[in-house]
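> I'd like to go over a predicted model; first the sequence, then the structure.
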Amino acid sequence: MGTTVSVRALTKEYGRARVLDGIDLAIGPGVTGLLGPNGAGKTTLLRCLATTLAPDGGEIRVLGHDPADRARRIEIRRRLGYLPQDPGYYPHFTAFELVDYVAILKEITDRRTRYREVRRVLAEVDLADRSQTKVRKLSGGMRQRLAFAQALLGDPDVLILDEPTVGLDPEQRMRFRALVSRLGEGRTVLLSTHQTEDVAALCELVVVQHRGRVIFQGAPRDIAAAAKGQVWLSESPPDGGSRLFWRTADGRYRSLGDPPPNAVPADPTVEDGYLLLLGEPAEVAA
């Protein structure tokens with residue numbers, strides 16, 4: 001199976017601000033990670049792909065369909081699962097009732113089939129024992145997992161996940177990684193995240209978006225390799241104006257860019273490559 005999601009010259013503006021500035025993107029089955037600083041346009045891009053927001057220009061194809069066409073848009077939605085960054089909740093529903101309601105919206109009309117599917121997705125996210133708990137009584141991490149459960153309804157061909165690990169503790173994130181890695185076998189999963197370790201652990205492809213443009217697309221090892229020869233460990237902090245350094249747990253300083261005095265090279269990571277790729281915005285964040 002080839003490309004399942006493609007974008008060409010995509011643009012979107014809010015007032016005078018151009019949030020998407022000619023995005024070109026092509027992804028296929030497997031797990032793709034979308035990285036970028038706040039304000040890069042990641043959520044806007046995902047909303048366009050999930051058919052909840054119309055772009056101002058350019059073309060989108062999801063599973064071969066054009067979401068600008070109403071009939072094709074409905075077909076995309078039947079085969080797509082979407083976890084938005086800020087999912088809405090009905091606090092007086094139970095977890096089961098909320099997912100069941102979304103299942104009805106997804107046209108799973110046979111009650112027996114629907115209930116079986118609701119129980120399946122709640123079990124996938126380890127919420128089977130909370131199915132009768134009111135949403136308002138669930139923790140933030142549980143609500144995030146509940147939102148993920150509704151995205152899994154109907155075994156979608158394309159999953160779009162916007163910051164899916166927000167609110168998850170380390171054990172839950174490990175379980176999430178295991179689930180997503182399995183889901184990525186034979187289907188397309190596109191997830192945005194600020195967690196570079198999730199990208200390194202999960203993704204076959206990483207896309208870096210900055211100021212409304214795609215500035216990198218490749219394997220995680222490629223973005224890490226871009227920092228080769230620019231990552232250093234030293235006993236003292238580097239001199240100069242660079243703010244891309246931090247003190248590690250063993251008391252040494254890890255810095256990016258030019259080598260400090262008496263520094264030794266360190267193996268680069270996805271995070272190192274990502275920070276160097278962003279340049280000045282990364283220095284400000286650091």
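Alright, I've got the coordinates. The structure displayed is predicted, hence computed values, not measured ones.
> Okay, buried residues for stretch 184-196 please.
184, 187-193, 195-196 (16 or more other C-beta atoms under 10 Å). C-beta coordinates here come from the backbone N, C-alpha and C atoms, glycine included.
> So which of the residues you listed belong to helices?
residue 196 (DSSP state H).
> Which of the buried residues of stretch 184-196 scores worst on pLDDT?
Ranked by pLDDT, the buried residues of stretch 184-196 bottom out at residue 195 (86).
> wait, isn't that residue in contact with residue 168?
No. The pair residue 195 and residue 168 fails to qualify as a contact (C-beta atoms under 8 Å) at a distance of 10.0 Å.
> And the strands in the stretch 1-150 of the chain?
Applying DSSP state E, counting those that start in this stretch to the stretch 1-150 of the chain gives strands spanning 5-14, 17-27, 30-35, 57-62, 80-83.
> any low-confidence regions in the stretch 51-200 of the chain?
Nowhere does the stretch 51-200 of the chain drop to pLDDT under 70.
> List the residues that contact residue 190.
5, 27, 32, 34, 46, 49, 158-161 (C-beta atoms under 8 Å, 6 or more residues apart in numbering).
> what's the closest of those residues to residue 86?
Taking C-beta to C-beta as the measure, residue 86 lies nearest residue 46 of the contacts of residue 190, at 12.2 Å.
> Could I get the phi/psi values of residue 177?
Note on residue 177: its backbone torsions stand at phi -60, psi -40 [degrees, to the nearest 10].
> And it, how close does it get to residue 36?
Residue 177 sits 20 Å away from residue 36, going by C-beta to C-beta, to the nearest Å.
> Residue 118 too?
Taking C-beta to C-beta, one finds residue 118 at 34 Å from residue 36.
> repeat for residue 43
10 Å.
> So for these two, which residues contact both of them?
Here residue 43 and residue 36 share the contacting residues residue 192, scored by C-beta under 8 Å, 6+ apart.
> Among the two, which residue is more densely surrounded?
residue 36 (26 against 20; other C-beta atoms under 10 Å).
> give the contact list for the more buried one.
Going by C-beta under 8 Å, 6+ apart, the list of residues near residue 36 reads 42, 192, 208-210.
> all helices of the protein, in order?
42-49, 70-78, 95-105, 111-124, 140-151, 170-183, 196-202, 220-225, 270-278, 280-285.
> Excluding chain neighbours, what is closest to residue 9?
Leaving out its chain neighbours, the residue that sits closest to residue 9 by C-beta to C-beta, 6 or more residues apart in numbering is residue 58, at 4.1 Å.
> wait, isn't that neighbour in contact with residue 13?
No. Taking C-beta under 8 Å as the definition, residue 58 is not a contact partner of residue 13, at 11.9 Å.
> tell me the domain ranges of the chain?
With domains defined by automatic domain parsing, the chain comprises 1-79+157-219, 87-155, 224-285.
> tell me the most buried of the strands of the stretch 1-150 of the chain?
strand 30-35 (a mean of 24; mean count of other C-beta atoms under 10 Å).
> could you say what helices and strands it packs with?
If you count contacts as 3 or more C-beta pairs under 8 Å, 6 or more residues apart in numbering; DSSP states H and E, strand 30-35 packs onto helix 42-49, helix 170-183, strand 188-192, helix 196-202, strand 205-210.
> again, only using 6 Å
Packing contacts for strand 30-35, counted by 3 or more C-beta pairs under 6 Å, 6 or more residues apart in numbering; DSSP states H and E, involve strand 188-192, strand 205-210.
> For those strands, give me JSON lines that also has distance to residue 236.
Below are the helices and strands packed on strand 30-35 laid out as JSON lines (distance: least, C-beta to C-beta, whole Å):
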{"stretch": "strand 188-192", "distance to residue 236": "37"}
{"stretch": "strand 205-210", "distance to residue 236": "31"}
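> so which of those gets nearest residue 106?
Of those, nearest to residue 106 by C-beta to C-beta is strand 188-192, at 18.0 Å.
> related to what we said a few turns ago, tabulate the strands of the stretch 1-150 of the chain in JSON lines, adding columns for distance to residue 100.
Converted to JSON lines, those look like this (distance: least, C-beta to C-beta, whole Å):
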{"stretch": "strand 5-14", "distance to residue 100": "29"}
{"stretch": "strand 17-27", "distance to residue 100": "31"}
{"stretch": "strand 30-35", "distance to residue 100": "28"}
{"stretch": "strand 57-62", "distance to residue 100": "26"}
{"stretch": "strand 80-83", "distance to residue 100": "16"}
